[in-house]
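**Q** Predicted model, plus sequence, below.
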4 protein chains.
Amino acid sequence: MLLKFKRHYYPFVARRLLQTPLSTTGFIMRKKLLIDVDCGVDDAQAIMLALAAPNVKVLGITCVHGNTNVENVCKNTLRVLKACHKLEIPVFKGADKPILGKGINAGHFHGLDGLGDVPDPDAPGLDLIQKEGAVSAMIRLVDENPGEISLVATAPLTNLALAVRLDPSFPSKLKGLFIMGGNTESRGNTTVCAEFNFVADPEAAFIVLNEYLCPTTIACWEFTCHSKLSWEFCGTWLSQDSEKARFMRQIFAYSMKASESERLKKEFVAGTGLVSCDSYAMAAAIDENIILESDLYPLTVELTGTYTRGMMVMDTIDILKKTHKIKVMKKINLDRFMELMMDSLK
Amino acid sequence: MLLKFKRHYYPFVARRLLQTPLSTTGFIMRKKLLIDVDCGVDDAQAIMLALAAPNVKVLGITCVHGNTNVENVCKNTLRVLKACHKLEIPVFKGADKPILGKGINAGHFHGLDGLGDVPDPDAPGLDLIQKEGAVSAMIRLVDENPGEISLVATAPLTNLALAVRLDPSFPSKLKGLFIMGGNTESRGNTTVCAEFNFVADPEAAFIVLNEYLCPTTIACWEFTCHSKLSWEFCGTWLSQDSEKARFMRQIFAYSMKASESERLKKEFVAGTGLVSCDSYAMAAAIDENIILESDLYPLTVELTGTYTRGMMVMDTIDILKKTHKIKVMKKINLDRFMELMMDSLK
Amino acid sequence: MLLKFKRHYYPFVARRLLQTPLSTTGFIMRKKLLIDVDCGVDDAQAIMLALAAPNVKVLGITCVHGNTNVENVCKNTLRVLKACHKLEIPVFKGADKPILGKGINAGHFHGLDGLGDVPDPDAPGLDLIQKEGAVSAMIRLVDENPGEISLVATAPLTNLALAVRLDPSFPSKLKGLFIMGGNTESRGNTTVCAEFNFVADPEAAFIVLNEYLCPTTIACWEFTCHSKLSWEFCGTWLSQDSEKARFMRQIFAYSMKASESERLKKEFVAGTGLVSCDSYAMAAAIDENIILESDLYPLTVELTGTYTRGMMVMDTIDILKKTHKIKVMKKINLDRFMELMMDSLK
Amino acid sequence: MLLKFKRHYYPFVARRLLQTPLSTTGFIMRKKLLIDVDCGVDDAQAIMLALAAPNVKVLGITCVHGNTNVENVCKNTLRVLKACHKLEIPVFKGADKPILGKGINAGHFHGLDGLGDVPDPDAPGLDLIQKEGAVSAMIRLVDENPGEISLVATAPLTNLALAVRLDPSFPSKLKGLFIMGGNTESRGNTTVCAEFNFVADPEAAFIVLNEYLCPTTIACWEFTCHSKLSWEFCGTWLSQDSEKARFMRQIFAYSMKASESERLKKEFVAGTGLVSCDSYAMAAAIDENIILESDLYPLTVELTGTYTRGMMVMDTIDILKKTHKIKVMKKINLDRFMELMMDSLK
């Protein structure tokens, strides 16, 4: 089945597909991405998607608490960059706690260290982390590239919330925002009704959905479940003969095993499979045409519910009279998505 | 299309279909129903479904605030009984307010009087309402028929909540409970995230879902929308040449028109059509075999959310560790349902 | 000091003091009280205050969950009546749970059985409890004595909340309502910010403060602490040579000991001492002139706070624009109060 | 009365009074203060207290939304510095909104511009505001003076909350923190139960009370009311013949008039008078010996209450098991306080 992904015609066709603009000098203008991660295995997959995309330039990666503590997130991000031979991309350390200061248990789906608990003795050291803080760097980079940067957030949104509070004009200087997080049908994967990235910092999610008025696209939990890839594809994907694929096989083993647990089976809406959540938001940032169907709704976040704190709220009946609407992904071009995934481990 | 509903073989086949037990003396034992309503048009449709079902005996109808105030609900219930020539069924007046005392605006989907604002000068008077209160009557009737009564609740659950608080053993003496209310995917029809019957008295819904440990079946908002009947069927249904159909045509005109409004179109999940919400719970009470697919989940209600107060909470990942699970209707035998609907206006 | 309580001039002076009206036939009209209790030791003290007051007629005592379960409350109430030779007063069993169904731990300040864990082998049996339920009896008694009954509530307000929901006209037929519960300065004795009677059923307290529009007087936690009696008085009070005093010595020993614990010392605002909370509300019902100072404020109850659920809310700056104001006791005639207390054990 | 405040003996006596340490070189070591304000009239009074204190060095003033928008706060602060001839003190602009982004109405107690609506045509321009942001400056200044700076916060605590989220070690590098805000007895001055500075950013107050583990002293609303100065003193204070006093007369006229309104009279606990709220926190920072009585309690903030959101929560009965306790001011040396006030306008 994957044979149809032959790519020898690239970049002629791809340029059209990806709508990558030619600059006036004839060079391909690459999309500038800033990536905010809590680098667990799914973030790693998303980062690798971006690093492999020829139309994308990653200006920096900012780290935040989430799947594991922010120190581990920094280390994991460096390991991913090393596996991709891209250690020149600057990595910044951000918030170690959610806005209110009280973290939740990440549940260790990706292992205690967030990257499958397969330590690398030759992993890059934290001395490679930039001295500048993540929030400061986000503001600076966007100031240096006004209107050009797409921010891809695949983690609790603490850094983004702090950025807009420190610089209210920050969102307006973004080209776009792509988020993995939240849920559309109250199907929780961490608490009864809430998805991990949102419930790990509900206040941050609230701030971002209400104050980032730039064009925003969101890949929510149920959507990613409904867009899962088969274990068969996963096998093909992982069995590629490459350094990246070997790295992914190592770090992904833990989560694949965890997927078989009874609890995880309940979490996954519509059955398990390869649900690389963060990669859907990244794929949309790389190639917006990959979105085949979406809704435009005002979104916010429940902060005070007993069972629903952190749940994304989608105002389908326009009760809140909000003008800012967010593109909620409903259907993705799975062939194209698998293509991006395959390329990411090549 | 409806020709396939030929019923000349009834009751021989029906008895099997309906699993109506023969009593030891050879007579058909009829199901004993107690119906709790906030008699708007959809409650009227549900009541008429029950009154027309040959295997059902309605022991009483209890009234509660909801679509309109409890006095109107009493009047409307009497008008329905009159249209069906069943004024011998006792009607009881219940709570005029939700548990916390602060009602919400019903939005008048069914007209100001709840029954399409087509007053009947010959309507029965409130003197026909029983002197005994609804809650007291519920407790007494169930005491007199222990284990035999199915309670069908198509309204805010205030009366049921008061009944269990006054008599903690009340739920255990029911045969079963059938509820129309709540939602499974956070699609609100009254507030952003909540369905009318639940948000009209969240505390009552909370009490009932947590303390009625009898076998319970629930028809939630999204399910009823997904199970809507076509306007074509609606036309056939209403154009029957009968007193009941004429009555329904009159009282239903207002709501049918309202369905065309922009707001209502947003409320209805998956497009409009004939969504006789309350009739789904009643149909299940009349004939449990009508349910083709269902989930069993612990349910509760969010009481404290800013956007989610009154939202039904479905614990799909077993966070709450509750042992009592409720049958959540997912798919109904639509042919059988249309049959019951057609019969109800014959 | 107590010598000044000589009462040989009674009833001539007392009639004036107590403002007990003479009926047209020249007989003293006694105040009709209905008492709602969760009979712990302090309720017992309050009941005995009423039973000893010559100007009072107790029409009935209704029981509710609180200091202990409702069965114990019934038993304890019967024991108090027996000790006072008043078993002819009817006792009714009410709600066994708060409105939302989830009780809190009473902390056993008055012992596991609520009455100091000194069981009486000759205690009256539960067969003496009336068949009629408490809420039904409250409604009936008030219907039979419209405008004449003062309701004294020294427990979680569940029964009162149910009464107004079943009969919305119930509060308007009361002469007055006297409550022990709530707090005025966020000094909690059970949770961080809430007083026991209120936090044991916040929804009931909310309903009563918002829907009982009859003249209402409340003795809150901080007030009772500031109005404590000295241990010296307590000694004199308990050492009276009477059956009642002997009974009180027995049941009160446990709580007196408990008062010395570190936790209890923190709970009591302004130091410990004899804080017979419930007796202050009862004293005001017996003799309103005992109140020397009070505020009139709109009151309500916080239902949704993380730390403040169940806290009484006093709207001193008129934000809520409520017209119904409640008399909040600030200062009591302590001499008169001690007199009533002394008499209660005579 | 004020004659006793003669200060010609200074600094010999004052040094002892103020416990100002002599450095090893014999010079008086001045206390280093960083002041965070939403510069309304009361902040102006507090700032002037600090500027006049000989034992104090103000390293900078950070501005935040509150009494008025942050631009006005910046302007007002510059005007105060100009009136005191201290424009060399750097002023930094901070957050323009509370953490969650939704401001409350300040009610304009201090006028629309926060400084009595008496514009100064020669006011310093915003170009005097530092380029560096307030939060960045706070972190830098404290880094440059580890363990030496006392932070005085007389505004919504947004800047402080952001500082600890950006630099988790920030609080541990402070010498101390002095806050005006919150309430101890649920007496609200802005909402039913909450004080302005806290309810203007409840999340920030929560973060600061829970994460600033440095020695912290708080002057709450009720305390400041109970410590009010007489209007007579106010007259003497304002009638001093100085530039500063003339400035204060101008900007204070609006608030003094407002104090006479019915609403304001209700807000002030224990009657009106000169309640220069922010000055109490500043006075404690200048001279801790001014505090005659205080409590040590764990504090937090209610975030989710309907009536109590933003209310300070004081855990008097140790329910929360928090080890960090905050000094809650109860009684101040009013003579010394009046002395500081008088000096501030000299």
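**A** Thanks, I have it.
**Q** Just list the residues touching whatever residue of the stretch 201-346 of chain A ends up closest to chain D, thanks.
**A** In the stretch 201-346 of chain A, the residue that lies nearest chain D is A:Thr304 (4.5 Å; CB to the nearest CB). For glycine as for every other residue, the C-beta is placed from the backbone atoms N, C-alpha and C. A:Thr304 makes contact with B:Thr304, B:Gly305, B:Thr306, C:Thr304, D:Leu303, D:Thr304, according to CB atoms under 8 Å, 6 or more residues apart in numbering or on different chains.
**Q** and if we set it to 10 Å?
**A** Contacts for A:Thr304 (CB atoms under 10 Å, 6 or more residues apart in numbering or on different chains) come out as A:202, B:302, B:304-309, C:304-306, D:303-306, D:309.
**Q** From those, pick the one nearest B:Pro98.
**A** B:Arg309 (11.9 Å; CB to CB).
**Q** was I right about that closest one contacting B:Cys193?
**A** Yes - using CB atoms under 10 Å, B:Arg309 is in contact with B:Cys193, at 8.3 Å.
**Q** Those two: which is more packed in?
**A** Neighbours per residue, other CB atoms under 10 Å in any protein chain shown: of B:Arg309 and B:Cys193, the larger number sits with B:Cys193, 33 against 23.
**Q** which residues does that one contact?
**A** With CB under 10 Å, 6+ apart, B:Cys193 has these contacts: A:186, A:193, A:302, A:305, A:308, A:311, A:313-317, A:319, B:183, B:185-187, B:199, B:302, B:305-312.
**Q** Likewise for A:Pro146?
**A** By CB under 10 Å, 6+ apart, the residues touching A:Pro146 are A:Ser169, A:Ser172, A:Lys173, A:Leu174, A:Lys175.
**Q** redo that, cut-off 8 Å
**A** By CB under 8 Å, 6+ apart, A:Pro146 lies in contact with A:Lys173.
**Q** cool, A:Gly133 as well?
**A** A:Phe92, A:Lys93, A:Gly94, D:Leu166.
**Q** Swap in 6 Å and give it another go.
**A** With contact set as CB atoms under 6 Å, 6 or more residues apart in numbering or on different chains, A:Gly133 has no partners.
**Q** pLDDT score assigned to it?
**A** pLDDT recorded at A:Gly133 is 97.
**Q** That one and A:Thr62: what is the separation?
**A** 9 Å (CB to CB, to the nearest Å).
**Q** now do A:Thr217
**A** Taking CB to CB, one finds A:Thr217 at 19 Å from A:Thr62.
**Q** Looking at these two, which is more packed in?
**A** Neighbour count, other CB under 10 Å: between A:Thr217 and A:Thr62, A:Thr62 has more, with 31 against 21.
**Q** Enumerate the beta-bridge partners assigned to that one.
**A** Beta-bridge partners recorded for A:Thr62 (DSSP bridges): A:Asp36, A:Phe92.
**Q** returning to what we had before: from the contacts of A:Thr304, which land in helices?
**A** Judged by DSSP state H, helices contain the following of these: A:Pro202.
**Q** Look at the closest residue to A:Thr190 other than its chain neighbours and report its pLDDT.
**A** Computed as CB to CB, 6 or more residues apart in numbering or on different chains, the closest residue to A:Thr190 that is not its neighbour in sequence is A:Phe196, at 4.4 Å. In this model, A:Phe196 is scored at 97, pLDDT.
**Q** cool, and A:Gln19?
**A** 47.
**Q** helices and strands of chain A: which one has the lowest mean pLDDT?
**A** When the helices and strands of chain A are scored by mean pLDDT, DSSP states H and E, helix A:12-18 comes last with a mean of 41.
**Q** Which residues of the stretch 1-150 of chain A lie near chain D?
**A** A:Ala95, A:Asp96, A:Gly101 (CB under 6 Å from any CB of the partner chain).
**Q** Apply 8 Å and report the result again.
**A** A:Ala95, A:Asp96, A:Lys97, A:Ile99, A:Leu100, A:Gly101, A:Gly133, A:Val135, A:Ser136 (CB under 8 Å from any CB of the partner chain).
**Q** hang on, the last one in a helix?
**A** Yes - membership of A:Ser136 in a helix is supported by DSSP: H, G, I helix; E, B strand; the rest coil.
**Q** does the residue in the stretch 101-250 of chain A positioned nearest to chain C sit in a helix, a strand or a coil?
**A** The nearest approach of the stretch 101-250 of chain A to chain C comes at A:Lys102, 11.6 Å away (CB to the nearest CB). Counting by three-state DSSP, the backbone at A:Lys102 sits in coil.
**Q** and the helix or strand harbouring A:Asn210, how far from the chain's centre?
**A** For A:Asn210, the host element (DSSP states H and E) is helix A:202-211. Put simply, helix A:202-211 sits 16 Å off its chain's centre (CA atoms, centre = their mean, to the nearest Å).
**Q** do stretch A:258-273 and chain B meet at all?
**A** Yes - using CB under 8 Å from any CB, stretch A:258-273 reaches chain B at A:Arg263, A:Lys266, A:Glu267.
**Q** Grab the nearest non-local neighbour of the first one.
**A** Leaving out its chain neighbours, the residue that sits closest to A:Arg263 by CB to CB, 6+ apart is B:Ile317, at 6.9 Å.
**Q** now swap in the second one and tell me
**A** Beyond its immediate neighbours in the sequence, the residue positioned closest to A:Lys266 (CB to CB, 6+ apart) is B:Ile317, lying 4.4 Å away.
**Q** what does the last one give?
**A** Spatial nearest neighbour of A:Glu267, excluding adjacent residues (CB to CB, 6+ apart): A:Asn189 at 4.3 Å.
**Q** The one you found belongs to a helix?
**A** No - A:Asn189: not assigned to a helix; according to three-state DSSP it is coil.
**Q** Who are the contact partners of it?
**A** A:Asn189 is in contact with A:Asn183, A:Glu195, A:Phe196, A:Trp221, A:Glu267, A:Phe268, B:Ile317, counting by CB under 8 Å, 6+ apart.
**Q** Let's see that with 6 Å instead.
**A** Going by CB under 6 Å, 6+ apart, the list of residues near A:Asn189 reads A:Glu195, A:Phe196, A:Trp221, A:Glu267.
**Q** as a whole number, average confidence for the top helix by length along chain A?
**A** Assignment by DSSP H gives helix A:243-258 as the longest helix of chain A. Regarding helix A:243-258, the rounded mean pLDDT is 94.
**Q** Also stretch A:81-88?
**A** For stretch A:81-88, the per-residue pLDDT averages 98.
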